[in-house]
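Q: What follows is a predicted structure for the sequence shown.
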Amino acid sequence: MAAGTSEHNKDKKRSSERKGLYGLPRELVKEVLRKKSLTDPDLGLTGLIDVVLVMTDDELLPVEAKFTDLPYVQRQWRKQLTAYAMLLEAEYKKQVTRGLLYFILQKKCEIIDIGNDDKDALKRDIITIRELIGSEKIPHKVDESKCGYCEMKKYCG
């Protein structure tokens with residue numbers, strides 16, 4: 001965690017020196033918002049977005065920076081960007097259809113399309129999670145082969 005935080009801070013400094021931002025030409029970016037905290041009580045979501053790029057056409061792009069040896073789009077990160085998109089939509093009253101995953105170690109950026117199906121799926125996930133919390137039951141393991149690298153391993157039964 002500390003290594004990731006340190007790299008986030010270093011990347012902030014380096015980004016001011018780059019010709020582009022997260023793989024996008026700097027001239028297309030109007031504003032960079034860092035550590036944007038958002039809450040949507042209707043969704044029951046709160047998030048702290050690493051970076052939001054405000055493009056010259058006023059498109060909002062949430063950016064999630066990852067410090068990982070596995071530079072590929074993982075399902076939970078896609079859902080995280082979808083949640084950020086929904087939080088931005090609620091705050092700014094405009095549709096958000098893309099997000100960016102930035103892999104710090106590899107200096108690699110992946111543009112992620114975020115559609116209505118993704119947002120609907122996340123809403124269903126939120127309902128499922130609320131029901132699970134309300135039941136006070138530990139969820140069953142879906143696939144034990146994934147436990148070795150799961151972020152939730154320490155909480156699982």
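A: That came through, no problem. Numbering: from 1, shown residues only.
Q: got the contact list for the closest residue in space to Leu81 that isn't next to it in sequence?
A: Of all residues not flanking Leu81 in the chain, Gly99 sits nearest, at 3.6 Å (Cβ to Cβ, 6 or more residues apart in numbering). All C-beta atoms are positioned from the backbone trio N, CA, C, and that covers glycine. Counting by Cβ atoms under 8 Å, 6 or more residues apart in numbering, Gly99 touches 61-64, 81-82, 84-85, 111-112, 114.
Q: List buried residues within those.
A: Buried by 16 or more other Cβ atoms under 10 Å: 61-64, 81-82, 84-85, 112, 114, out of the contacts of Gly99.
Q: Lys66 is in contact with Ile104, correct?
A: Yes - here Ile104 lies in contact with Lys66, judged by Cβ atoms under 8 Å, at a distance of 6.7 Å.
Q: those helices in this protein, which residues are they?
A: For the chain, the helices defined by DSSP state H cover 2-17, 75-92, 116-135.
Q: just to revisit the earlier point, make JSON lines from the contacts of Gly99 and add pLDDT and distance to Leu122 to it.
A: Shown next, in JSON lines, are these (pLDDT from 0 to 100; distance: Cβ to Cβ, whole Å):
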{"residue": "Leu61", "pLDDT": "96", "distance to Leu122": "18"}
{"residue": "Pro62", "pLDDT": "97", "distance to Leu122": "13"}
{"residue": "Val63", "pLDDT": "95", "distance to Leu122": "18"}
{"residue": "Glu64", "pLDDT": "93", "distance to Leu122": "15"}
{"residue": "Leu81", "pLDDT": "97", "distance to Leu122": "10"}
{"residue": "Thr82", "pLDDT": "97", "distance to Leu122": "5"}
{"residue": "Tyr84", "pLDDT": "97", "distance to Leu122": "10"}
{"residue": "Ala85", "pLDDT": "98", "distance to Leu122": "9"}
{"residue": "Ile111", "pLDDT": "94", "distance to Leu122": "19"}
{"residue": "Ile112", "pLDDT": "96", "distance to Leu122": "13"}
{"residue": "Ile114", "pLDDT": "98", "distance to Leu122": "10"}
